[in-house]
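Asks: what follows is a predicted protein model with its sequence.
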Amino acid sequence: MGKPLDVESAAVRPMRVKPRSAEPNLRDQQRAEVCLPVTLNRPGQAAIECEMCNLSRAGMMIRCSDAVAQTLIPGRRTPAPGDWIDINAHFEVPVLPQQSVNLAARGHIAHLRRVARDEFQLGIRFVDFDGRGFDYVDQYVHRLLTERA
């Protein structure tokens, strides 16, 4: 064994560590690229037609215009972690090639991103489904991912 080092504590600088975000990992499920119509509404507001651009078992990404983003998220400010914006979503997923199922889901707007001058993406995390909605989304996403693999 060697001699212990003589280290002066005055020369040691404090280390800055970034605090961990309270935001959960939003990418814990594989996403399938889709192009499906979806109707969104915040509780107490009118329904708005949008387009879903990807879907996972945990949520979906919505493509929308500036006006729609402003309606759903006043001020277009990304929701703070834990301060999610409640949203209701209605959409169809094909369970068989010739048969679709209407789904109703409740979720939280957890993400907002501007991708072009008049195009935004909203990340919606699922909270609850009516009926067997989660099972249908799970089957549909699984089928899409296995077909593309």
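Replies: All right, it came through fine. Numbers count the residues shown, from 1 in each chain.

Asks: helices along this protein, start to end?
Replies: 66-72, 133-148 (DSSP state H).

Asks: contact partners of the last one?
Replies: I take that to be helix 133-148. By CB atoms under 8 Å, 6 or more residues apart in numbering, the list of residues contacting helix 133-148 from outside reads 29-30, 32-34, 55-57, 93-95, 101, 103-105, 126, 129. Just so you know, the C-beta spots here come from the backbone N, C-alpha and C atoms, and that holds for glycine as well.

Asks: among these, which lie within strands?
Replies: Residues of the contacts of helix 133-148 located in strands (DSSP state E): 32-34, 55, 93-95, 101, 103-105, 126, 129.

Asks: burial of A47, as a residue count?
Replies: Neighbours of A47 under the rule other CB atoms under 10 Å: 12.

Asks: okay but it is in contact with P37, surely?
Replies: No: applying CB atoms under 8 Å as the test, A47 and P37 come out as separate, 11.7 Å apart.

Asks: tell me what the most centrally placed residue in the chain is bridged to.
Replies: Centroid-nearest residue in the chain, with CA atoms, centre = their mean: G123, separated by 3.1 Å. Under the criterion DSSP bridges, G123 forms beta bridges with M61, H111.

Asks: so where's this protein uncertain?
Replies: Along the chain, segments meeting pLDDT under 70 span 1-28, 149.

Asks: quick one: the residue nearest to the centre of the chain from H111, how far?
Replies: 3 Å (CB to CB, to the nearest Å).

Asks: give the buried subset of the ones in strands among the contacts of helix 133-148 as a PyMOL selection command.
Replies: In PyMOL, this line selects whichever of these come out buried by 16 or more other CB atoms under 10 Å:
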select buried, resi 32+34+55+93+101+103+105+126+129
